[in-house]
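Participant: Give me a 3D structure for the following:
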Amino acid sequence: MKKLISSVALLIIALPFVTVQASTPAEDTEAFRSYFKKAVPDVKFEDFQNGVYALDADSREQWIEIEEFPPYELAIDKGTELWEKPFKNGKSFASCFGEDISGTRAKYPYHDEAQDTIVTLEGDINKCLTDNGEKPYKWKKGNIAAVSAYIAYEGRGKKVDVHPKTDKAKAWYDKGKKFFYAKRGQLNLACADCHVYNFNRKVRSELLSPALGHPTHFPVFRTKWGEMGTLHRRYGGCNKNIRAKPFKAQSDEYKALEYFQAVMSNGLELNGPGARK
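Facilitator: This is a model prediction of the structure:
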């Protein structure tokens with residue numbers, strides 16, 4: 001951990017002072033894209049959905065080989081089984097999401113104006129269970145990641161299309177934006193420190209991924225985990241890495257962060273589930 005602290009410290013010494021100015025989501029999105037385009041001009045916008053594999057040729061080759069026999073296939077199979085299994089009342093997930101789920105993944109996250117909250121795919125998976133008298137899944141891995149993987153797989157090719165239109169939705173967006181740029185933990189780092197200002201640089205042997213496109217490929221099978229995990233599981237791991245106390249999965253903080261990152265990734269194709277280190 002001392003080596004990690006030293007590596008990160010070296011990366012952020014030369015960082016400019018950044019303020020999160022008041023701006024519209026559309027202005028933020030344009031500035032976000034322009035930053036990454038200027039930083040890595042040879043990388044096409046649509047390739048950012050592939051994370052670090054858009055940046056490093058050697059890693060990309062290994063990833064392409066892995067994708068021939070992807071480690072998330074078993075999760076898709078499990079998710080399909082759970083999707084088709086009837087609940088005790090005779091209904092199923094299709095009763096909540098519909099039979100055609102090719103466009104389901106692309107609907108999330110979204111702002112529910114009546115409840116004034118951000119609704120995530122995993123949130124609606126568990127809501128479907130509880131609404132039908134079933135026990136909810138645990139939030140970070142296992143069955144919820146499997147069902148999410150199945151829905152994501154069926155929705156591949158659709159594009160992220162999240163636009164805060166009301167004052168309440170914009171407030172959630174601003175909350176997520178603030179979280180993304182706010183420093184926290186003993187290492188005093190923000191999400192942006194690693195994934196904006198220092199993306200495409202290495203901490204130890206790992207290349208830091210670009211924030212543009214982060215939500216497109218979840219849930220993911222991580223080699224480090226040896227299993228599937230949700231986006232909020234990854235958020236928690238990032239917080240732990242910088243010695244910050246993680247928030248609970250599906251907390252308002254993480255839902256807002258997911259919402260902000262989705263807006264920043266508008267126009268990119270959804271290609272989950274994914275495989276990452």
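Participant: what ranges do the strands span in the stretch 1-150 of the chain?
Facilitator: Read by DSSP state E, counting those that start in this stretch, the stretch 1-150 of the chain holds these strands, from start to end of the chain: 110-112, 117-119.
Participant: buried ones in the first one?
Facilitator: By neighbour count on 16 or more other C-beta atoms under 10 Å, the buried set for strand 110-112 is Tyr110, His111. Glycine gets a C-beta too; all of them are placed from N, C-alpha and C.
Participant: Quick one: residues in contact with it.
Facilitator: Residues outside strand 110-112 that contact it (C-beta atoms under 8 Å, 6 or more residues apart in numbering): Thr117, Ile118, Val119, Val162, Pro164, Thr166, Lys168, Ala169, Trp172, Tyr259.
Participant: for the last one, same thing?
Facilitator: The list of residues contacting strand 117-119 from outside it, by C-beta under 8 Å, 6+ apart, reads Tyr108, Pro109, Tyr110, His111, Asp112, Trp172, Asp252, Lys255, Ala256, Glu258, Tyr259.
Participant: again, only using 10 Å
Facilitator: With contacts defined as C-beta atoms under 10 Å, 6 or more residues apart in numbering, strand 117-119 is touched by 107-112, 123, 127, 162, 168-169, 172-173, 175-176, 250, 252, 254-260, 262.
Participant: could I get the contacts of strand 110-112 as a markdown table with pLDDT, distance to Arg243 and neighbour count?
Facilitator: Rendered in a markdown table, the data for the contacts of strand 110-112 read as follows (pLDDT from 0 to 100; distance: C-beta to C-beta, whole Å; neighbours: other C-beta atoms under 10 Å):
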| residue | pLDDT | distance to Arg243 | neighbour count |
| --- | --- | --- | --- |
| Thr117 | 98 | 29 | 17 |
| Ile118 | 98 | 27 | 27 |
| Val119 | 98 | 31 | 17 |
| Val162 | 97 | 31 | 25 |
| Pro164 | 97 | 32 | 21 |
| Thr166 | 97 | 37 | 11 |
| Lys168 | 98 | 33 | 16 |
| Ala169 | 98 | 32 | 21 |
| Trp172 | 98 | 27 | 22 |
| Tyr259 | 98 | 25 | 27 |
